[in-house]
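1. Could you work out the structure for the sequence below:
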Amino acid sequence: MTLRDKSGNLGEKMNDEQKYDEIIEMQHHVSVNHPSLSRASYAAQFSPFAALTGYDGIVLETARVTDDEIFLDEMKMEILSAKLQILNDRIKEHPKIQVTYFKPDEKKSGGAYLQKTAQIKRIDDVKRIIHFTDKTFLNIEDITDIEYSI
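-> Numbers count the residues shown, from 1 in each chain. This is a model prediction of the structure:
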C-alpha cells in the first residue's frame, strides 16, 4: 500500500517499528526551570475529584443509627431506687457495679445505650449523681439498670 507524505509524494506505509525509530532512543526531557513532581504529587493529578466537599461525611452521618431513649415505668424506677438505696447503705465498701445508661447523641436525636463497670465512690442524692473511684460520674436520670454482687 502506498501513502502520500507531507510533501505529497507517494511512499510506502511504514510499519509500527519504523514510525518511532527516530525518537525511541532519545532521552527524556528534564526541565531546568521547573522541578519534577514527586510520585505522590504526580499521582494526585489523576486521583478522583470530590465535587461535593463534605458530602461523604453527611451521608455517613445520616446513615449512622441512634437508639431512642426508653423511659422507665414506675415499677422499674422503684427497683432502680431500691438498688441505689442498697448501694448507698454499703458505700464505704466501694462496691463494684455494672451500670447501663443512655448517652444522648451530640449531633442528632436519640443516642446510645452504654455500659460501665466501676467501683462507686459516693452517691449524691441532691444533684442525683453517682461518683466512681475512677473520677467519672453519671447522672442517675440516665441510668436504666444497675447490676452488682454484694
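2. now do the same end-to-end measure for stretch 137-144.
-> 15 Å (Cα to Cα, to the nearest Å).
3. tell me the contacts of Lys135?
-> With contacts defined as Cβ atoms under 8 Å, 6 or more residues apart in numbering, Lys135 has no neighbours. C-beta coordinates here come from the backbone N, C-alpha and C atoms, glycine included.
4. Helix or strand: which one has it?
-> Using DSSP states H and E, Lys135 is not contained in any helix or strand.
5. Could you number the chain from 24 rather than 1 from now on?
-> Done: numbering now begins at 24, and the last item shifts to Lys158.
6. which secondary structure elements does the longest strand seen in the chain contact?
-> Once the chain is assigned using DSSP state E, the strand that runs over the most residues is strand 134-147. If contacts are counted by 3 or more Cβ pairs under 8 Å, 6 or more residues apart in numbering; DSSP states H and E, strand 134-147 sits against helix 97-112, strand 119-127, strand 152-155.
7. List the buried residues in the longest one.
-> Taking 16 or more other Cβ atoms under 10 Å as the neighbour-count basis, helix 97-112 is seen to contain the buried residues 103, 106-107, 110.
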